[in-house]
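Trainee: need a 3D model of the sequence below.
(chains A and B)
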2 protein chains.
Amino acid sequence: MATVSDLSERELITRIQQRLPPPPGWLTIGIGDDAAVVEPERNRLDVLSVDALVEGVHFDRAFTPPEAIGHRALAVNLSDLAAMGAAPRLCLLSLVLPPAWPLADFEAMIDGLLRLAGRHRMHVAGGNLARSPGPLVIDITVSGTLKRRQVSTRGGARPGDELYVSGSIGGAAAGLDMLREARTRGSHEAAREGAGDEACTKRYLYPEPRIRLGQLLARNRAASASVDLSDGLADGVHRLAEASGVGVIVDADALPIEPAARTWFAARSNDALGRSVSGGDDYELLFAVRPRTRRRLSAAARHGGVPLTRIGVCTEDRAVVLRCGSGESVADMPLPAGYGHFR
Amino acid sequence: MATVSDLSERELITRIQQRLPPPPGWLTIGIGDDAAVVEPERNRLDVLSVDALVEGVHFDRAFTPPEAIGHRALAVNLSDLAAMGAAPRLCLLSLVLPPAWPLADFEAMIDGLLRLAGRHRMHVAGGNLARSPGPLVIDITVSGTLKRRQVSTRGGARPGDELYVSGSIGGAAAGLDMLREARTRGSHEAAREGAGDEACTKRYLYPEPRIRLGQLLARNRAASASVDLSDGLADGVHRLAEASGVGVIVDADALPIEPAARTWFAARSNDALGRSVSGGDDYELLFAVRPRTRRRLSAAARHGGVPLTRIGVCTEDRAVVLRCGSGESVADMPLPAGYGHFR
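Mentor: Numbering: from 1, shown residues only, chains lettered A, B, ... in the order given. Here you go, the predicted model:
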């Protein structure tokens, strides 16, 4: 079986170039020179982000097909652009490859990445290949654009703002659980094919960055603050609250927990709520909305391609709490920390 | 001894932030949000590049001080901007950290990087931290700017154009040899302090990207094609020749081989010439000049901060040869391939 070390760096780059669509006019110099040269978009700002996926930390090759590795590596970056409301433009791929990696997997990884890139009109403008004695690392830099008046950060929420989340949460964490469990039981093929509940495994393997929603929120200046949920809802709430200098009450009953994830977690841990708010890899958007300008949400709610759920409110008091029950039986508890990739 | 795994991702980011100078006005949103937001420079193009250094492949922690790791990781990227003639603007740092890496080394690495960044007015606009079970990876994306009419590529050379190289070659390869040999002999401290010839070890550990020269060449449109010598002179000549569709005759006697490197290689391999043209990590600029517009070189030659040497000529015939001797005893041989990091 051919591996990536059977080809030279230039031959591997050619394998990527062969898969690329024709470059857009604004890409003055694309892949293959010392650097890419890009025509900026008139009257817009550049939005830049970088994120790396490391084998053994962010994914396991045993149950993550190469197409999904490529998809996820780009999706986590597109999700950062979505949180800023930026229109995707280009990416740079920096790949650190273990020499024994099958060439067919390398090509499938590129295919998975380019399929997602094409859907969001993102062009590969350049990159770098390096070999490594260690794990596979896929490091992607993305660039998008935004109008000046559309800039929003994590730090703009004020007491009284309502918190919304897109789509559902917990699905990716349950999906990862399912894939791991199938793998442990030795059912390798079952894992790859999507064992357990496919809604969850697909959420983990092929997350959908909320690009359209993010752009609609930015265009209508509907969000006072926003963040993407790479490390789970709880982590996102904490980051937004901290950057904005507010507290948050999250209404546990309102949380849009993916039903299949709720079932899966409930059967195993008796803590479907905790697992769902702490589990990472959702890549939904969490954002704050001023009640006075709530009507600006309507375009995003109608055309964002994903349901929006009001899950809480920002408070003057700096505590970040999860509120369970209602009326006389209400109970507040501290919202747990998110899933930390780092330690 | 504290290691990077003793701190959370956020605490490590704080250690970086504390070291940053105040952000420039064009950096609308810097480190700490989902993405950086940047005001483009009016009437200029963006130049983007990414390059990774992988421990065990591009550097050895045993004899590369952390300051030098940080310096080199940024220098190889600045060198790509220099080859394009771009003015440096910002970088994104993506770091993949082995948990046992001493915190003091992490901080020293950042210091080495920021020192070089400051000298070239490059600002850290964002990045990413990940942990890894494998080697340390420092992946840096750089962005610079360029006027539209200043764009040049590797592919613009024509037969008759003269080839120039900046500074000297072979020094970094000899320096790496010296550091390795000192390390093998067990003289750890000597290696770190700069054993052997300091001119060479310094060239390897702290390469100087030719930013000023690259900008002067671009401003005066003095070069018809240019490339930086990351993988050695021979590799650079091959790349420029291939991209331009020309052949090259390199005059062996004209090559500005670093004297200390010549001595070092001559004593060991009897092939100082071959080792010097194939050795990587020089980070000089190689560029072609049309004889008719040679006078445009004068500003670069006077103010580029580094000597320029004419080393050969581009030819119609596509062969890339090294010409030794002169007159009746002239001998042409194929120019060897460069140093390949990849296989």
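
Trainee: now do the helices in the stretch 51-200 of chain A.
Mentor: A:66-84, A:103-119, A:171-184, A:188-193, A:198-205 (DSSP state H, counting those that start in this stretch).

Trainee: which elements pack onto the longest one?
Mentor: I take that to be helix A:66-84. Here helix A:66-84 touches strand A:44-54, strand A:87-97, helix A:103-119, strand A:137-147, helix A:198-205, helix A:211-219, strand A:225-228, going by 3 or more CB pairs under 8 Å, 6 or more residues apart in numbering or on different chains; DSSP states H and E. To be clear about C-beta, it is placed using only N, CA and C from the backbone, and glycine gets the same treatment.

Trainee: the last one too?
Mentor: Here helix A:198-205 is seen to pack against helix A:66-84, helix A:171-184, helix A:259-269 when contacts are counted using 3+ CB pairs under 8 Å, 6+ apart.

Trainee: quick one: buried residues of that helix?
Mentor: A:199, A:200, A:201, A:202, A:203, A:204, A:205 (16 or more other CB atoms under 10 Å in any protein chain shown).

Trainee: now it against helix A:259-269, angle please.
Mentor: Orientation check (axes from the mean of the first three to the mean of the last three CA atoms, to 10 degrees): helix A:198-205 against helix A:259-269 gives 90 degrees.

Trainee: for the third one, same thing?
Mentor: Compare the direction of helix A:171-184 with that of helix A:259-269 by the same axes, to 10 degrees and you get 50 degrees.

Trainee: same question, the longest one
Mentor: Taking the same axes, to 10 degrees, one finds helix A:66-84 and helix A:259-269 inclined to each other by 110 degrees.

Trainee: what are the C-alpha coordinates of helix A:66-84, in PDB please?
Mentor: What follows is helix A:66-84, C-alpha atoms only, in PDB (Å, rounded to 0.1, in the frame of the first residue of the first chain):
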ATOM      1  CA  PRO A  66     -10.200  10.300   6.400                       C
ATOM      2  CA  GLU A  67     -13.000  12.300   4.700                       C
ATOM      3  CA  ALA A  68     -14.300  13.200   8.100                       C
ATOM      4  CA  ILE A  69     -10.800  14.300   9.300                       C
ATOM      5  CA  GLY A  70     -10.600  16.700   6.400                       C
ATOM      6  CA  HIS A  71     -14.200  17.900   6.800                       C
ATOM      7  CA  ARG A  72     -13.800  18.500  10.600                       C
ATOM      8  CA  ALA A  73     -10.400  20.200  10.200                       C
ATOM      9  CA  LEU A  74     -12.000  22.800   8.000                       C
ATOM     10  CA  ALA A  75     -15.400  22.900   9.800                       C
ATOM     11  CA  VAL A  76     -13.800  24.000  13.100                       C
ATOM     12  CA  ASN A  77     -12.200  26.900  11.300                       C
ATOM     13  CA  LEU A  78     -15.300  27.800   9.300                       C
ATOM     14  CA  SER A  79     -17.200  27.800  12.600                       C
ATOM     15  CA  ASP A  80     -14.900  30.600  13.900                       C
ATOM     16  CA  LEU A  81     -15.700  32.600  10.800                       C
ATOM     17  CA  ALA A  82     -19.400  31.900  11.400                       C
ATOM     18  CA  ALA A  83     -19.100  33.200  15.000                       C
ATOM     19  CA  MET A  84     -17.700  36.500  13.600                       C
END
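
Trainee: buried residues of that helix, list them for me.
Mentor: A:66-84.

Trainee: would you mind giving the buried residues of helix A:198-205 as CSV with distance to residue A:129 and pLDDT added?
Mentor: Below are the buried residues of helix A:198-205 laid out as CSV (distance: CB to CB, whole Å; pLDDT from 0 to 100):
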residue, distance to residue A:129, pLDDT
A:199, 35, 90
A:200, 34, 95
A:201, 30, 95
A:202, 30, 95
A:203, 30, 95
A:204, 27, 96
A:205, 24, 97
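
Trainee: identify, from these, the entry nearest to residue A:169.
Mentor: Nearest to residue A:169 out of the buried residues of helix A:198-205 is residue A:203 (CB to CB; 9.8 Å).

Trainee: excluding chain neighbours, give the residue nearest to that closest one in space.
Mentor: residue A:171 (3.8 Å; CB to CB, 6 or more residues apart in numbering or on different chains).

Trainee: try residue A:258
Mentor: residue A:171 (3.6 Å).

Trainee: ok, the one you found to chain B distance?
Mentor: With distances taken as CB to the nearest CB, to the nearest Å, residue A:171 is found 21 Å from chain B.

Trainee: okay, now that residue: neighbour count?
Mentor: Using other CB atoms under 10 Å in any protein chain shown, residue A:171 is surrounded by 29 other residues.

Trainee: rewinding a little: need the helices and strands packed on helix A:66-84 in TSV (columns: distance to residue B:61).
Mentor: Formatted as TSV, the helices and strands packed on helix A:66-84 follow (distance: least, CB to CB, whole Å):
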stretch	distance to residue B:61
strand A:44-54	19
strand A:87-97	17
helix A:103-119	28
strand A:137-147	17
helix A:198-205	35
helix A:211-219	40
strand A:225-228	34
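
Trainee: quick one, which of the ones you listed gets closest to residue B:43.
Mentor: Using CB to CB, the nearest of the helices and strands packed on helix A:66-84 to residue B:43 is strand A:44-54, at 14.5 Å.

Trainee: which parts of the closest one are buried?
Mentor: A:44, A:45, A:46, A:47, A:48, A:49, A:50, A:51, A:52, A:53, A:54.

Trainee: how about stretch A:221-241?
Mentor: Quick answer for stretch A:221-241 (16+ other CB under 10 Å): A:222-241.
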